[in-house]
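Student: Here's a sequence, model it:
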Amino acid sequence: MFDLHNPFVRRVTGATLSGLLVAAALALPTGRVSAADTDSAITKRNDRVAYLVHLMDTQRYAEAAQGVQQLFIDYPTDAGAYEVRGVLQLHVGAFQQAQRDFEYARSMADASDPLPAYGLALCAIASRNADAADKMLANAEAVATPTERDDISIARAIEADATGDTAVAVRIAGTVSNNPTAQEIAALAVYSTAPATGLPMLEQFVAGGVLNDIPRVIEETGLRYVGPGSHNGSPIEPSLTEPVLQGMFAQRLAYQNAPSATGADNVVMGVTAIGPTGDLSAQIGQADLVVTISADDQLLGMANTQPFQVSWDTRKVANGTHLLKFEISDSHGAVLQTQYRKVKVANPGNDRAVPCTPFPTEVADGLWSLLHIHPAYKAAEYALAQAYIAHKDRSRAAMHLVITAALDAEYRSVGDMVGQVFHSVGSDSFQLAMASYNPPVKAAEPHPGEMWSGSPKLREVALTFDDGPSPQVTPILLDNLKKAGITATFFVVGIRASAAPDLLRRMQAEGHEVENHTYTHPNLDQTLPQHILEEYLRNGVVIRSLTGRWPKFLRPPGGNSNPQVMEIAHKCGMIGGFWTIDALRAEDSGSSDEVADYVVSKARPGAIVLMHNGSEATAGAIQAMAAGLKAKGLKCVTLQELARHSGIDLP
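Tutor: Residues are numbered from 1 along each chain as shown. Modelled structure (predicted):
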């Protein structure tokens with residue numbers, strides 16, 4: 001078995017070589033642990049998988065990837081580990097790698113587990129392999145629960161729609177009640193063949209996503225149905241869509257790649273010789289080779305002469321499917337090739353079985369839920385925009401175009417069209433000049449890209465408040481502004497505004513101005529252009545839905561700006577709304593008197609004052625601040641009023 005004249009074998013230390021020879025002679029069994037140890041290991045595995053499900057559900061993919069790697073280190077042949085990684089691969093867009101994981105999991109998992117087959121079906125749908133998808137969906141359905149069968153029906157409807165059989169897609173989608181994805185599939189399918197019938201269905205579906213009078217501006221996490229308009233032609237979109245991040249995770253999750261499952265398993269029993277297939281020297285073009293052979297990651301031995309085989313006593317392992325690995329190295333120890341083969345051990349009288357403990361119900365259900373296919377509202381929003389263009393309803397067409405871009409600026413290149421909405425001939429903030437996405441564009445009237453102050457000739461100042469609304473502080477702030485008889489400008493964060501819609505309605509009703517402070521408050525100087533655009537549009541849609549007007553000013557969080565940040569703001573019909581006086585340090589003191597004294601002492605004609613919506617000290621300073629400004633002969637106005645009185649043209 002070993003030729004000790006081979007230079008690579010000679011370099012192996014005596015102790016190591018002895019260990020290898022012993023391992024080869026004993027054919028170390030796999031999974032030979034006590035029942036108590038096994039129970040403890042399974043419990044630990046289940047707890048870790050439950051946490052990994054939580055990480056994936058909350059899109060903490062970097063942490064999940066790290067946890068999956070460790071799972072493979074501790075449970076290298078566990079079918080469940082491959083299921084978990086397959087699900088993660090789908091979420092980050094690594095469909096081919098997911099297919100390999102699910103293939104291996106399916107060969108090892110309990111026959112009553114539908115998840116590997118369902119995962120393979122989704123991979124096939126993503127790659128538009130209808131035959132493979134149909135086969136795997138049938139296999140999954142045979143052992144699925146009623147709830148799981150609803151998901152399988154959704155997948156069947158998507159597959160039918162992807163192959164152009166819209167009637168079948170609508171029929172299957174109709175069998176799943178109260179499911180938004182089924183509703184979107186049916187609406188898009190009907191609209192594609194009968195627009196007059198499909199338009200009300202699209203409108204009803206989109207209306208179902210409205211919450212607090214705010215259209216949906218964030219897609220659900222997880223796998224999504226995107227119809228015919230996906231980035232890569234697949235009807236299924238992963239949760240993570242950024243190509244750079246997808247590439248990073250694909251590389252990271254390639255750790256311990258699952259072998260491809262090809263052909264039927266070979267059945268072996270007793271003592272058998274095992275080795276790689278074919279003439280390795282001819283295949284690789286090199287004579288001096290060393291093959292390291294393992295079964296289920298347990299070393300069996302090494303061989304450096306043809307036919308590169310070792311003996312394996314299969315009576316010492318459990319009956320069932322085992323994974324053989326053949327690592328082919330050159331005489332210097334460099335790995336040239338790795339082969340895998342699955343074999344099925346079937347020794348008569350061996351009552352052991354390969355450990356393949358299913359997950360507990362709650363863990364299995366959590367893992368399955370990560371494979372739900374959610375609707376992609378951008379597909380319906382885009383279809384509505386197209387429908388209203390056909391009906392020459394410019395205002396509604398533009399609105400749905402903007403919402404589409406807010407959901408995903410790269411979907412069907414809608415981000416490139418947004419500028420036409422705000423800068424077309426004869427447009428207001430939400431009108432297309434012509435029933436086309438390519439109207440003639442008039443050069444915008446000159447206006448400043450940024451506003452830092454008003455005219456020094458005006459006896460006016462603008463009080464502005466960032467970062468709200470705050471359910472705790474904003475009502476107090478609004479009460480005090482009302483008592484003082486002054487109006488102000490609120491730069492709101494969209495995600496907070498969505499959670500407190502009544503506060504924005506109150507701001508508008510009491511004469512205050514509501515402007516854009518992004519949707520999630522990121523550092524725009526370190527944000528990709530696509531995401532900057534989505535941040536502006538998402539918050540803009542929220543503000544317009546609750547106040548009836550599109551914001552005219554964009555204030556970058558923390559003032560972190562650059563020319564690109566302002567260029568995209570202009571594209572969205574806004575200019576930069578900055579400040580003359582920053583009261584943050586006074587606010588941090590926690591003293592209302594200090595805040596009022598600081599603002600009054602620094603105020604001058606045309607000044608823009610920056611304060612914050614979450615500071616109780618600021619809310620308590622309003623009365624004294626208003627009195628002090630009035631004593632200096634300064635009137636409080638909104639930012640738009642200050643701009644208009646100063647002769648500054650807004651978009």
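
Student: where exactly do the helices run in the stretch 301-450 of the chain?
Tutor: 361-369, 377-390, 394-407, 418-423 (DSSP state H, counting those that start in this stretch).

Student: Sorry, wrong one. I was asking about the stretch 501-650 of the chain.
Tutor: Taking DSSP H, counting those that start in this stretch as the criterion, the stretch 501-650 of the chain carries its helices at 501-509, 529-547, 563-571, 584-588, 592-602, 616-631, 639-645.

Student: Which neighbouring elements make contact with the longest helix along the chain?
Tutor: The longest helix of the chain (DSSP state H) is helix 35-57. With contacts taken as 3 or more CB pairs under 8 Å, 6 or more residues apart in numbering; DSSP states H and E, helix 35-57 sits against helix 61-74, helix 79-91, helix 361-369. Where you see a C-beta, it was placed from the backbone N, CA and C, and this is true even at glycine.

Student: related to what we said a few turns ago, may I see the helices of the stretch 301-450 of the chain organised as TSV, with mean pLDDT and mean neighbour count added?
Tutor: Below are those laid out as TSV (pLDDT from 0 to 100; neighbours: other CB atoms under 10 Å):
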stretch	mean pLDDT	mean neighbour count
helix 361-369	96	17
helix 377-390	93	24
helix 394-407	92	25
helix 418-423	83	22
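
Student: Point out where this protein drops to low pLDDT.
Tutor: Along the chain, segments meeting pLDDT under 70 span 1-38, 229-232, 255-265, 349-356, 424-448.

Student: Recalculate using a threshold of 50.
Tutor: 1-37, 258, 260-263, 425-447 (pLDDT under 50).

Student: contacting residues around stretch 618-633?
Tutor: 459, 461, 463, 465, 473, 476-477, 480-481, 483-486, 583, 587, 592-593, 595-597, 599-600, 603, 611-612, 635-636 (CB atoms under 8 Å, 6 or more residues apart in numbering).

Student: from those residues, which would you call buried?
Tutor: 461, 463, 465, 473, 477, 480-481, 484, 486, 583, 587, 592, 595-597, 599-600, 603, 611-612, 636 (16 or more other CB atoms under 10 Å).

Student: just to revisit the earlier point, so which of the helices and strands packed on helix 35-57 is the most packed in?
Tutor: helix 79-91 (a mean of 27; mean count of other CB atoms under 10 Å).

Student: picking up where we left off before, can the helices of the stretch 301-450 of the chain go into a markdown table with extra columns for distance to Pro114?
Tutor: Below are the helices of the stretch 301-450 of the chain laid out as a markdown table (distance: least, CB to CB, whole Å):
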| stretch | distance to Pro114 |
| --- | --- |
| helix 361-369 | 8 |
| helix 377-390 | 27 |
| helix 394-407 | 31 |
| helix 418-423 | 43 |
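
Student: just so I know, which of the ones you listed lies nearest Glu242?
Tutor: With CB to CB as the measure, helix 394-407 is the member of the helices of the stretch 301-450 of the chain nearest Glu242 (14.6 Å).

Student: Could I get the contacting residues of Arg216?
Tutor: Val206, Gly209, Val210, Tyr377, Ile403, Leu407.

Student: Recalculate using a threshold of 10 Å.
Tutor: By CB atoms under 10 Å, 6 or more residues apart in numbering, the contact list for Arg216 reads 206, 208-210, 375, 377-378, 380-381, 403, 406-407, 538, 541.

Student: ok, which stretches of the stretch 201-350 of the chain are strands?
Tutor: 223-225, 236-237, 266-268, 271-274, 289-295, 298-303, 310-313, 320-330, 335-345 (DSSP state E, counting those that start in this stretch).

Student: Just give me the neighbour total for Ser177.
Tutor: 8 (other CB atoms under 10 Å).

Student: Now it: phi and psi?
Tutor: With angles defined as degrees, to the nearest 10, Ser177 sits at phi -90, psi 150.

Student: is it true that it touches Asp150?
Tutor: Yes - at 8.7 Å, Ser177 counts as touching Asp150 under the criterion of CB atoms under 10 Å.

Student: List the contacts of Lys482.
Tutor: Arg506, Glu510, Gly511, His512, Ile622.

Student: Check whether Asn613 really touches Pro475, as I assumed.
Tutor: No - in terms of CB under 10 Å, Asn613 does not count as a neighbour of Pro475; the distance is 11.0 Å.

Student: and the two? which has more neighbours close in?
Tutor: For the pair Asn613 and Pro475, the greater number of neighbours falls to Asn613 (23 against 16), based on other CB under 10 Å.

Student: Now for the residue nearest to that one when sequence neighbours are not counted: which residues touch it?
Tutor: Closest residue in space to Asn613, ignoring its immediate chain neighbours: Gly468 at 2.8 Å, by CB to CB, 6 or more residues apart in numbering. Gly468 sits next to 474, 477-478, 490-493, 496-497, 500, 503-504, 507, 514, 517, 612-614 when contact means CB under 10 Å, 6+ apart.

Student: how close does Gly468 sit to Val595?
Tutor: To Val595, Gly468 is 16 Å away according to CB to CB, to the nearest Å.

Student: for Ala295, same thing?
Tutor: 73 Å.

Student: try Ser601
Tutor: Distance from Ser601 to Val595, by CB to CB: 11 Å.

Student: Kindly report the same for Thr487.
Tutor: In terms of CB to CB, Thr487 sits 19 Å off from Val595.

Student: show me where the stretch 401-550 of the chain has strands.
Tutor: Under DSSP E, counting those that start in this stretch, the stretch 401-550 of the chain gives strands at 450-451, 460-468, 489-492, 513-516.

Student: Grab the nearest non-local neighbour of Val176.
Tutor: Using CB to CB, 6+ apart and skipping the chain neighbours, the partner closest in space to Val176 is Ala182 (4.2 Å).

Student: dump the residue contacts of the one you found.
Tutor: 150, 153-154, 157-158, 169-170, 172-176, 205, 225, 373, 375 are the contacts of Ala182 under CB under 10 Å, 6+ apart.

Student: Wasn't it part of a strand?
Tutor: No - counting by DSSP: H, G, I helix; E, B strand; the rest coil, Ala182 is not part of a strand but helix.

Student: Serialize the strands of the stretch 401-550 of the chain to a markdown table and add fields for distance to Val53.
Tutor: Below are the strands of the stretch 401-550 of the chain laid out as a markdown table (distance: least, CB to CB, whole Å):
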| stretch | distance to Val53 |
| --- | --- |
| strand 450-451 | 46 |
| strand 460-468 | 33 |
| strand 489-492 | 34 |
| strand 513-516 | 36 |
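
Student: and among those, the most buried is which?
Tutor: strand 489-492 comes out most buried of the strands of the stretch 401-550 of the chain by mean count of other CB under 10 Å, with a mean of 28.

Student: Relative to it, what are the paired strands and their orientations?
Tutor: strand 460-468 (parallel), strand 513-516 (parallel) (DSSP bridges).

Student: Output the ones you listed in CSV, with distance to Thr77 appended to each entry.
Tutor: Below are the strands paired with strand 489-492 laid out as CSV (distance: least, CB to CB, whole Å):
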stretch, distance to Thr77
strand 460-468, 51
strand 513-516, 53
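
Student: could you pull out the helices for the stretch 151-300 of the chain?
Tutor: 166-173, 180-193, 195-208, 243-252, 280-284.

Student: Mind checking the ones you listed for the one nearest to Trp452?
Tutor: helix 243-252 (34.8 Å).

Student: Point out the other helices and strands that the closest one packs with.
Tutor: helix 61-74, helix 79-91, helix 95-108 (3 or more CB pairs under 10 Å, 6 or more residues apart in numbering; DSSP states H and E).

Student: So what touches it?
Tutor: 61-62, 64-66, 68-69, 88-89, 91-97, 231-232, 238, 240, 242, 410, 528.

Student: mind running it again at 7 Å?
Tutor: Tyr61, Ala65, Val92, Gly93, Ala94, Gln97, Leu240 (CB atoms under 7 Å, 6 or more residues apart in numbering).
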